[in-house]
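Visitor: For reference, the sequence and a predicted model appear below.
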Amino acid sequence: AAMTEHPRQALVADIGGTNAHFAIADIDELTIAHFAVFRCELFPSLVAAVEAYMASIPYRPAMAGFAVAGPVAGETMRLTNRDWTFTRSDLLRATGAERLHLVNDFEALALALPWLGAHDLHRIGGGEPAAHGTKVVLGPGTGLGVAGLAHTPSGWIGLAGEGGHVSFPAQNAEELAILESVRRDGGYVSAERLISGPGLVAAYRALGGRGLETAAAVTGAALAGEDPLAGRVLALFSSWLGRFAGDIALVHGARGGVYLGGGIAPKIVAALEAGGFRRAFEVKGRLSSYLEAIPVQVITAADAGLRGAAVALSEAVSRAAAAQA
């Protein structure tokens with residue numbers, strides 16, 4: 001049974017392709033307690049990971065909010081980059097909650113943006129954000145997530161989408177050669193195919209690299225100066241991410257700022273600071289000065305997705321209460 005003295009407490013989860021984050025949140029204060037991170041590969045299913053977390057905490061909140069890396073429509077859901085399928089009823093059973101709210105992981109990050117402070121962020125260039133300007137959050141991890149946040153008279157609303165699956169933005173011979181080498185059977189190459197963890201490894205292999213099998217290995221070798229090819233790949237990756245971020249900023253008119261989420265950006269801040277990222281972000285012909293003014297912030301807080309899941313749940317609870325009134 002839910003503990004009656006904590007009626008506004010909720011289980012919150014942020015489920016990516018690589019890691020699953022769990023915590024207990026107060027949906028009014030947006031405070032996070034009992035924070036835990038599980039490696040997805042150690043669990044056969046999302047339900048198994050949820051059950052492991054539930055076994056580690058002393059109570060059963062009546063509400064649960066899940067941010068998941070994939071589309072959240074329908075009854076049966078599948079993570080885009082992990083072989084986990086689950087239904088709403090599976091999650092209700094595993095959590096013991098009476099109410100469950102699901103949101104896309106990048107939409108959750110978008111909803112968290114107004115609640116992030118200076119200590120949660122690392123800025124890379126640009127001016128001051130426009131007060132009520134549209135914001136976007138995007139970022140490479142197991143995939144490439146994108147979401148927007150727009151201000152309305154009744155507050156901020158999140159804009160979920162699948163922006164990572166637009167075409168890869170190759171602009172020169174070297175990039176076209178890499179694109180050709182990852183293109184399977186003349187097929188489609190999305191931005192996500194190269195601007196992601198697996199994309200880092202694919203680009204490294206495309207340029208003849210051998211011996212580094214994971215994104216962490218490629219970025220580690222690049223940042224330590226141990227492998228010149230890995231360094232070249234990380235520099236390319238930074239410029240691709242910058243170009244993509246500038247494109248998304250133009251699509252949304254994101255004068256409220258661009259935020260980099262996901263697992264990779266906080267680990268490669270040094271590479272993003274090196275200049276290629278910001279140059280690629282701004283080089284947009286006649287619109288370059290428009291982009292020069294837009295700040296880019298790397299989200300360094302590990303619990304931002306959990307806070308966003310709590311915001312999404314809190315808003316769903318408020319909507320339901322208003323509908324009953």
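Guide: Structure received. Residues are numbered from 1 along each chain as shown.

Visitor: shouldn't residue 279 be in contact with residue 242?
Guide: Yes: in this structure, residue 279 is within contact of residue 242 by C-beta atoms under 8 Å, at 6.9 Å. Backbone N, C-alpha and C define where each C-beta goes, glycine included.

Visitor: Between these two, which has more neighbouring residues?
Guide: Legend: neighbour count by other C-beta atoms under 10 Å for residue 279 and residue 242, higher for residue 242 (25 against 15).

Visitor: Report the separation between the more buried one and residue 262.
Guide: Distance, residue 242 to residue 262, by C-beta to C-beta, to the nearest Å: 15 Å.

Visitor: just for the chain, where's the confidence low?
Guide: Within the chain, the stretches with pLDDT under 70 are 1-7, 185.

Visitor: Tell me which residue is most central in it.
Guide: residue 262 (3.9 Å; C-alpha atoms, centre = their mean).

Visitor: name the element that one belongs to?
Guide: Using DSSP states H and E, residue 262 sits within no helix or strand.

Visitor: partners of the helix or strand containing residue 37, with directions?
Guide: In this structure, residue 37 sits in strand 31-39 according to DSSP H and E. Strand 31-39 pairs in its sheet with strand 19-26 (antiparallel), by DSSP bridges.

Visitor: and the partner strand, C-alpha only, in CSV?
Guide: In CSV, the C-alpha atoms belonging to strand 19-26 read as follows (Å, rounded to 0.1, in the frame of the first residue of the first chain):
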residue,chain,number,x,y,z
ASN,A,19,21.3,2.8,-18.5
ALA,A,20,18.1,2.9,-16.5
HIS,A,21,17.9,5.6,-13.8
PHE,A,22,15.4,5.3,-10.9
ALA,A,23,14.5,7.6,-8.0
ILE,A,24,11.7,8.7,-5.7
ALA,A,25,10.5,12.2,-6.4
ASP,A,26,8.4,14.7,-4.7
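
Visitor: OK, contacts around residue 166?
Guide: Neighbouring residues of residue 166 by C-beta atoms under 8 Å, 6 or more residues apart in numbering: 190-191, 247.
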